[in-house]
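**Q** Generate a structure from the sequence data that follows.
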Amino acid sequence: MNEVGLTILGGLCIVSVSCAGQRGKKEVQKQPNIVFLLADDLRWNSLNCMGNKLLHTDNIDELAENGIRFTNACVTTSISMVSRASILTGQYMSRHKIREFGKSLSEQAFAETYPAILRRAGYWTGFVGKYGVGQIRESDFDFAREYERVHWFPLENGDSIHVTERNALDALEFLGERPKDKPFLLSVSFFATHAQDNHPDQYRYQPESEKFYRNDVIPVPETASDEYFRRLPPFIANEANEGRIRWHWRFDTPEKYQKYMKAYYRMLTEVDMAVGRIVTELKDQGVYENTLIIFMGDNGYFHGEHGLADKWYPYEESLRVPFIVYDPRLEDSKRNKTIDEFVLNIDIAPAVISAARLEIPDGMQGEDFSGLYLSGKPLRWRKDFYYEHPFVTSEKRIPSSEALVTHTSKYIFWPHYQYEEYFDLEKDPMEKNNLINQRGAEGKIDEMKSRFDKLKSRAQ
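**A** Below you'll find the predicted structure:
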């Protein structure tokens, strides 16, 4: 027979359920716990549940089955440092001003972060993994373990530990040691599936993952050819462009393509297994049913499309990310659904703050997306968005870019080169043909340029 006790602590209602065979207590709180899971360099269709049936992502797929998949989740800037700053602050790069490596959010006094807001409100906050925005703001967190850049870390006993295993163990330590009388916020920021750029193996997975994808043949994208590379703007379609340099590292022969894509997918499956361990711990502690879980990528990733590797450029492979939400507020009948509306990385902060039943600061530019699946009636939502990216090192290496993205078309502007592109995404979803000079498209292009100017002004 179960024994049930009720305790009021710090404004929280803690219901203790003691059952044979169960570990811990079931906590029912006024405010939900929140777990935010961020993978690095992971594009939208690099999950089984998002259409890539080759992949082993069972645990993330299970979150999707019990929650919501967003098919048009995008980032407003497709590079880690900027995207992570936008996630933390709910702001565009134009507002939070993080546009170069090494610059810290701590230098931006006006850039309020959602962990700081939740911590002031009584949440126990933790961060594990890659911060990516200069020096970590330790004042935002009760528990902080920050590390990145390499896939293997040496241990004192002479062994080494993989970065994804370290992520999992640190997350489990946070969950095990947290005070049980407070709601918690845990951000697990995986370094995987980011390459270790200075290592010839690039994607350094754990030995036990060798069994995955061994006998598979990874399909080569249709646009992964010199023909489509030559169709890019001339300042990208050259061997000095960083996306092309990294393409040579990974994809310039069929053998390399298979080797590095399998290694990349093995690292992804390791992330999935770490996610499974975290979710299992939440269930064992009795808090899963009161925990909002969000999984996403910090930016997209080229798998050879357009003859490119990595991210940065405002094409679909670089902009779109996986986005899965498990929300305990969701009715069972609404689970395992997809939503096609645009959800952006700047929406994370306001959605988390709203879920914690706190006030969203006026300075945040994103929106609380939970109404898209919790509301019983249609919700007015964005039909387009503005994209921006700084030059990195030089305009020759990674040029600056801007774009207006809608569900059916895209206008791209490269400000340094005064170069324009226009794509009809309905007829040309792989962005093969730049129609900027097509006769008859002038009216649509002018309309998009006008909207582009308006949204750019709002972002700034």
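
**Q** mind listing the helices in the stretch 1-150 of the chain by residue range?
**A** Taking DSSP state H, counting those that start in this stretch to define them, one finds helices in the stretch 1-150 of the chain at 58-65, 80-89, 93-96, 114-120.

**Q** quick one: the helices in the stretch 351-460 of the chain?
**A** 371-374, 442-459.

**Q** List the contacts of residue 224.
**A** For residue 224, the contact set (CB atoms under 8 Å, 6 or more residues apart in numbering) comprises 251, 257, 303, 304, 305, 306, 307. Glycine gets a C-beta too; all of them are placed from N, C-alpha and C.

**Q** Run through this protein and note the low-pLDDT ranges.
**A** Residues of the chain that meet the criterion pLDDT under 70 lie in 1-29, 102-110.

**Q** for it, which helix is longest?
**A** helix 254-284 (DSSP state H).

**Q** quick one: which of the helices of the stretch 1-150 of the chain is nearest residue 316?
**A** helix 80-89 (16.0 Å; CB to CB).

**Q** Check which helices and strands the closest one sits against.
**A** helix 93-96, helix 114-120, helix 348-355 (3 or more CB pairs under 8 Å, 6 or more residues apart in numbering; DSSP states H and E).

**Q** can you put those helices in TSV and add distance to residue 181?
**A** Formatted as TSV, the helices and strands packed on helix 80-89 follow (distance: least, CB to CB, whole Å):
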stretch	distance to residue 181
helix 93-96	34
helix 114-120	15
helix 348-355	20
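
**Q** most neighbours per residue, which of the ones you listed?
**A** Across the helices and strands packed on helix 80-89, averaging neighbours per residue (mean count of other CB atoms under 10 Å) puts helix 348-355 on top, at a mean of 23.

**Q** and that one, what does it pack onto?
**A** Packed next to helix 348-355, using 3+ CB pairs under 8 Å, 6+ apart, are strand 33-39, helix 80-89, helix 114-120, strand 291-297.

**Q** In PDB, could you pull the C-alpha coordinates for it?
**A** What follows is helix 348-355, C-alpha atoms only, in PDB (Å, rounded to 0.1, in the frame of the first residue of the first chain):
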ATOM      1  CA  ILE A 348      13.300  29.700 -26.200                       C
ATOM      2  CA  ALA A 349      13.800  32.300 -23.500                       C
ATOM      3  CA  PRO A 350      10.300  33.700 -23.500                       C
ATOM      4  CA  ALA A 351       8.700  30.200 -23.600                       C
ATOM      5  CA  VAL A 352      10.800  29.000 -20.700                       C
ATOM      6  CA  ILE A 353      10.000  32.100 -18.600                       C
ATOM      7  CA  SER A 354       6.300  31.800 -19.400                       C
ATOM      8  CA  ALA A 355       6.300  28.100 -18.500                       C
END
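
**Q** Report the inter-axis angle for that helix versus strand 33-39.
**A** 160 degrees (axes from the mean of the first three to the mean of the last three CA atoms, to 10 degrees).

**Q** can you give me how far helix 348-355 is from the chain middle?
**A** On the basis of CA atoms, centre = their mean, to the nearest Å, helix 348-355 is displaced by 15 Å from the centre of the chain it belongs to.

**Q** what's the angle from that helix to strand 291-297?
**A** Using the same axes, to 10 degrees: helix 348-355 against strand 291-297 is 170 degrees.

**Q** hmm, back to that, so which of the helices and strands packed on helix 80-89 gets nearest residue 40?
**A** Of all the helices and strands packed on helix 80-89, helix 348-355 sits nearest to residue 40, with 15.3 Å by CB to CB.

**Q** Mind listing residues that contact the closest one?
**A** Under CB under 8 Å, 6+ apart, the answer for helix 348-355 is 32, 34, 36, 87-90, 113-114, 117-118, 185, 292, 294, 296, 327, 359-361, 364, 366-370.

**Q** Could you do stretch 238-253 as well?
**A** So stretch 238-253 is contacted by 195, 197, 202, 224, 229, 235-237, 256-257, 260, 302-304, 307-310, 312-313, 392, 396-398 (CB under 8 Å, 6+ apart).

**Q** packing partners for the longest helix of the chain?
**A** strand 33-39, helix 58-65, helix 163-177, helix 242-250, strand 291-297.

**Q** I'd like to check the angle between the first one and helix 58-65, please.
**A** Right, strand 33-39. Using the same axes, to 10 degrees, strand 33-39 lies at 130 degrees relative to helix 58-65.

**Q** Check the third one too.
**A** Taking the same axes, to 10 degrees, one finds that helix 163-177 is oriented at 60 degrees with respect to helix 58-65.

**Q** Give the burial count for the nearest residue to residue 456 once chain neighbours are set aside, as a bare number.
**A** Of all residues not flanking residue 456 in the chain, residue 386 sits nearest, at 5.5 Å (CB to CB, 6 or more residues apart in numbering). Neighbour count for residue 386, taken as other CB atoms under 10 Å: 22.

**Q** Residue 143 versus residue 294, what's the distance?
**A** 19 Å (CB to CB, to the nearest Å).

**Q** Between those two, tell me which one has more neighbours.
**A** Taking neighbours as other CB under 10 Å, residue 294 and residue 143 compare with residue 294 leading, 22 against 19.

**Q** so that one sits right up against residue 343, yeah?
**A** No. Here residue 294 does not reach residue 343: they are 10.3 Å apart, not a contact under CB atoms under 8 Å.

**Q** Are there residues contacting both of those two? Which ones?
**A** What both residue 294 and residue 343 touch, as defined by CB under 8 Å, 6+ apart, is the set residue 323.

**Q** What separation do you get for the residue nearest to residue 456 and residue 344?
**A** 10 Å.

**Q** okay, and the common contacts of those two?
**A** With CB under 8 Å, 6+ apart as the test, residue 386 and residue 344 both reach residue 76.
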